[in-house]
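> below is the sequence, then the predicted model.
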Amino acid sequence: MNRRRTLSTAAVLVAAAGLGVGGAATYAGLSPDSQTVVRQVTVTGAEPAADTTGLSVSDIYKNTYKGVVEITVTQGGGQPTPLGGQQTQQALGSGFVIDGQGHIVTNEHVVDGATSIKVRLWDGKTYDATLVGSDASTDLAVIKLDAPSSVLEPLTLADSSSVQVGNSVVAIGSPFGLENTVTSGIVSALHRTMTSPNNFSIDDSIQTDAAINHGNSGGPLLNSAGQVIGVNAQIESDGGGSDGVGFAIPSNTVKSITSELISTGKAEHAYLGVSVEDSNGAVKLAEVRSGTPAEAAGLQAGDTIVSIDGQRVTTGDALTASISAKKPGDKVTIVFERGGQTHSVQVALASRPT
């Protein structure tokens, strides 16, 4: 049975409720009622366990800690005080510098609802930051601070598609407000699927046993070369602390989304407008939402999706990945079965609602 907990607003991270994969997770911090889910997906081409050679943990830390920051977020508009003011809440998270202009990557759930954002750098100095853009669908955000370039130490984003199970990893962040804390471990698994703050899937997430706790949210997961392979976002834990099962948003997703956020302040995702259920190797539409591309194309609940653009679809996660790989406005050809007959329809994808 899953148990839901309300966590301290003094730190920001995701803690999972429940013992097994698929347990619900709750955000601590500014949105304690938010809920996410991590679920296991079938890996058709499992990567072999990799060797663990590379820089030492100490060297990785020395080369990267100056690029990791502590983020303090204040949210106003709380309960009225006896004197007529309003209570505020504060939460802590982590992040890391990605360029010399002061852009910093963190989790969307770290800065959600923020009325002020302050960033503490490696030298102990604190700077005000502004929100450049955020994307709840991938739980990523970019903030910007006005600091001298001499104190900005950008970290390098690696190619997360080259990550293998067994690779050594290091996590740096501010668990419980303890800035520049380093932990280490390995890549425990790949291709996990997390559920984002707005209930869409975050695909190809990286599972690690490196200790991640409250306050690590938004911090980097680094490979043995000191490059970022993911952004730490969630843990699965029965007790609310690190049980050795953490999850990071892959760096290739980070590259794509942060580029959009910096350019336009928002990220757009292709949207079909259905919910699905897996049934004996087939994908059935459980719901076709009103006013969506799926409804406009004539798809109905109960239809079985066969393929998208010629690629066979056998799981709901595969369907999600196929749509996520597209852009709003793209047209896809969907083959489906209804009443024992096969049909084909072309669908113009829309933008995912926020």
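That came in fine, so what should we check first? Numbers count the residues shown, from 1 in each chain.

> so residue 226 sits in a strand?
No. Using DSSP: H, G, I helix; E, B strand; the rest coil, the secondary structure at residue 226 is coil, not a strand.

> now do the nearest residue to residue 235 once chain neighbours are set aside, the pLDDT please.
Leaving aside its chain neighbours, residue 235 sits nearest to residue 246 (4.8 Å; criterion: C-beta to C-beta, 6 or more residues apart in numbering). Bear in mind the C-beta positions are built from the backbone N, C-alpha and C, glycine included. The score at residue 246 is 97. That number is its pLDDT.

> what about residue 246, neighbour count?
Neighbour count of residue 246, defined by other C-beta atoms under 10 Å: 33.

> okay, and the beta partners of it?
Judged by DSSP bridges, the bridge partners of residue 246 are residue 208, residue 235.

> for it, which residues are in contact?
171, 207, 208, 209, 210, 211, 212, 232, 234, 235, 236 (C-beta atoms under 8 Å, 6 or more residues apart in numbering).

> please redo it, this time with the cut-off set to 10 Å
Counting by C-beta atoms under 10 Å, 6 or more residues apart in numbering, residue 246 touches 13-14, 16, 38, 169, 171, 183, 185, 188, 205-213, 216, 221, 230, 232-237.

> same thing with residue 205?
Contacts of residue 205 (C-beta under 10 Å, 6+ apart): 38, 41, 160, 189-194, 230-231, 233-234, 246-250, 253.

> which non-adjacent residue is nearest residue 189?
Closest to residue 189 by C-beta to C-beta, 6+ apart is residue 207, at 4.1 Å.

> and the one you found, how far from residue 232?
11 Å (C-beta to C-beta, to the nearest Å).

> neighbour-wise, which of those two wins?
Of the pair residue 207 and residue 232, residue 232 is the one with more neighbours under other C-beta under 10 Å, namely 28 against 24.

> wait, what's in contact with residue 257?
So residue 257 contacts 105, 108, 133-135, 137-142, 231, 249, 266-267, 269 (C-beta under 10 Å, 6+ apart).

> same thing but 6 Å
135, 138, 140, 267 (C-beta atoms under 6 Å, 6 or more residues apart in numbering).

> ok, so of those residues, who is nearest residue 127?
residue 140 (20.8 Å; C-beta to C-beta).

> please, where are all the helices along the stretch 201-350 of the chain?
251-264, 293-296, 316-324 (DSSP state H, counting those that start in this stretch).

> make a markdown table out of those and add mean pLDDT and distance to residue 116.
Listed next are these as a markdown table, based on pLDDT from 0 to 100; distance: least, C-beta to C-beta, whole Å:
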| stretch | mean pLDDT | distance to residue 116 |
| --- | --- | --- |
| helix 251-264 | 97 | 19 |
| helix 293-296 | 97 | 39 |
| helix 316-324 | 90 | 33 |
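
> would JSON lines of those with distance to residue 64 be doable?
Formatted as JSON lines, the helices of the stretch 201-350 of the chain follow (distance: least, C-beta to C-beta, whole Å):
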{"stretch": "helix 251-264", "distance to residue 64": "14"}
{"stretch": "helix 293-296", "distance to residue 64": "43"}
{"stretch": "helix 316-324", "distance to residue 64": "30"}
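
> which secondary structure elements does the longest strand belonging to the chain contact?
Longest strand in the chain, counting residues (DSSP state E): strand 181-195. Applying 3 or more C-beta pairs under 6 Å, 6 or more residues apart in numbering; DSSP states H and E, one finds that strand 181-195 contacts strand 35-39, strand 168-173, strand 201-208.
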